[in-house]
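Below are the sequence and a predicted model for it; my questions follow.
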Amino acid sequence: MLTLHTKISPADHAAANIAASLVLPYELREKCRLRATLDTGEDVAVFTVRGTVLRDGDLLTGEDKRVVKVVAAPEPTYKVTCADAHTLLRCAFHLGNRHTQAQVGDGFLRIRADAVLKEMLAGLGARVEEERAAFEPESGAYGGGHAHHDDGGHHPLAPIPLRQKIHRPSDPK
């Protein structure tokens, strides 16, 4: 069985011959240990560093140096749109207040299908449409972020170290 354990940058392997695709919904792309099947039918084991989220287009490799491209699978989602930016911002606030993962698009939000959230959003004045789409939620302000195609790969906030010293007022100076 092929084992994939290393994310590689597309720039480093621009000329790499992609051997297969690994098509996964977001829920499985969050896992650090996974057994799956490539689009070629070959079984694969994926071992990534805890906390790694595989994004659409990521490239993985293993001991045999074959390159596999990660593809976000279409899954049941809701596309949330509003008549104005204020209402969309209110919807984003209420989703965030419920710790709901959300994909932020140009004039829309996308969330996993959830009937309770659909009703809440409709009550806020949003139009909520069911769709099957690739789900790529924001990683969070301190998660290192994922690059949007138009941001040049720059993140407004630096990632927080995994083990961060906590300062207490009683600590010696």
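Perfect, thanks for sending it.

tell me the centre residue of the protein?
By CA atoms, centre = their mean, the mean C-alpha position of the chain lies nearest to E136, the distance being 4.2 Å.

distance of it from L109?
To L109, E136 is 12 Å away according to CB to CB, to the nearest Å. (Each C-beta comes from the backbone N, C-alpha and C, glycine too.)

Name the residues contacting each of these two.
Q103 (CB atoms under 8 Å, 6 or more residues apart in numbering).

Tell me the gap between the helix or strand of the chain with the lowest mean pLDDT and the middle of its chain.
Lowest on mean pLDDT, DSSP states H and E among the helices and strands of the chain sits strand 6-8, with a mean of 90. Relative to the chain's own centre, strand 6-8 is displaced by 16 Å; criterion: CA atoms, centre = their mean, to the nearest Å.

Which residue, other than its chain neighbours, is closest to I8?
Using CB to CB, 6 or more residues apart in numbering and skipping the chain neighbours, the partner closest in space to I8 is L59 (4.8 Å).

whoops, L28 was the one
Among residues not flanking L28 along the chain, L34 sits closest, at 6.0 Å (CB to CB, 6+ apart).

Who are the contact partners of the one you found?
L34 makes contacts with L24, L28, A45, V46, as judged by CB under 8 Å, 6+ apart.

In the chain, what residue spans correspond to helices?
Using DSSP state H, the helices of the chain run over 26-29, 85-97, 115-123.

buried stuff in the last one?
It stands for helix 115-123. Of the residues in helix 115-123, L117, K118, M120, L121 count as buried by neighbour count, 16 or more other CB atoms under 10 Å.
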